[in-house]
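Colleague: let me see the structure of the following:
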Amino acid sequence: MTAETPAGAGAPVVVCISDSPAERARLAGQFDGSGILVLAPDADSASTFLRRLDADLTGGRAEDVRTAVVPADEVVRAAGLRVDLAHHEASWRGQALALTPYELKVLGCLAGQPGRVWTYRQLHERAWEGKYFAGPAALQSVIKRLRAKLRSAGATVHIHATRGVGFRLDPAPRP
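Modeller: Prediction:
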């Protein structure tokens, strides 16, 4: 460790999220100590810790660090889409979209970082707030309905599937 390189800088970070204290203890017992282990009861707690860790390691302030998690009070805009999670509103170029809570949360993630591939698990954890992930079927149903609603509104954005991984929002028109 040098003055220029803080302890932990460059170390791998392993994040484990479980609402079970027993499961977190089991995971901690299996960790070999070759990096930084983050055990958290939910994604929001892990995100808060990772922002603080990054700020400590880079010398920045936690408020300056942008994470993939979109705060619930933020309005997300992308290529004509507007998603306001706090007021449960979404629109395409001013035309309101009638979305379910799950559709709104998934669209908020996708629009928050256009082009980024979100895994099935990441989207499921955001929309279902960390509840058990049994597989992609529920999420695929939400995506199917979102695509239909965007198409009905005349949106030129497209939700693209990355087979076996997840989904991303393409802000450009489909070819």
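Colleague: please parse this structure into its domains.
Modeller: Here the domain assignment for the chain is 13-64, 75-169, based on automatic domain parsing.
Colleague: most packed of those?
Modeller: Between those, the one whose residues have the most neighbours on average, counting mean count of other Cβ atoms under 10 Å, is domain 75-169 (a mean of 17). Bear in mind the C-beta positions are built from the backbone N, C-alpha and C, glycine included.
Colleague: end to end, how far does that one reach?
Modeller: Distance between the two ends of domain 75-169: 16 Å, counting by Cα to Cα, to the nearest Å.
Colleague: remind me which residues of the chain are low pLDDT?
Modeller: Screening the chain residue by residue with the criterion pLDDT under 70, one finds the ranges 1-11, 33, 44-45, 53-73, 132-134, 172-175.
Colleague: what about 90?
Modeller: Within the chain, the segments meeting pLDDT under 90 span 1-80, 85-87, 112-115, 120-122, 124-138, 164, 171-175.
Colleague: now the helices for it?
Modeller: Using DSSP state H, the helices assigned to the chain run over residues 21-30, 43-58, 101-112, 120-127, 137-152.
Colleague: so which of those comes closest to Ala90?
Modeller: The minimum distance between Ala90 and those falls on helix 101-112, with 5.8 Å, by Cβ to Cβ.
Colleague: tell me what the closest one is packed against?
Modeller: With contacts taken as 3 or more Cβ pairs under 8 Å, 6 or more residues apart in numbering; DSSP states H and E, helix 101-112 sits against strand 75-78, strand 81-84, helix 120-127, helix 137-152, strand 166-170.
Colleague: nearest to Phe31, out of the ones you listed?
Modeller: Taking Cβ to Cβ as the criterion, Phe31 comes closest to helix 120-127 out of the helices and strands packed on helix 101-112, the separation being 20.3 Å.
Colleague: how about that closest one as CSV, C-alpha atoms only?
Modeller: This file holds the C-alpha atoms of helix 120-127, laid out as CSV (Å, rounded to 0.1, in the frame of the first residue of the first chain):
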residue,chain,number,x,y,z
TYR,A,120,-32.9,-10.9,-15.7
ARG,A,121,-32.0,-11.0,-12.1
GLN,A,122,-31.1,-7.3,-11.9
LEU,A,123,-34.3,-6.2,-13.4
HIS,A,124,-36.3,-8.7,-11.3
GLU,A,125,-34.6,-7.4,-8.1
ARG,A,126,-35.5,-3.8,-9.0
ALA,A,127,-39.1,-4.4,-10.0
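Colleague: good, wrapping up.
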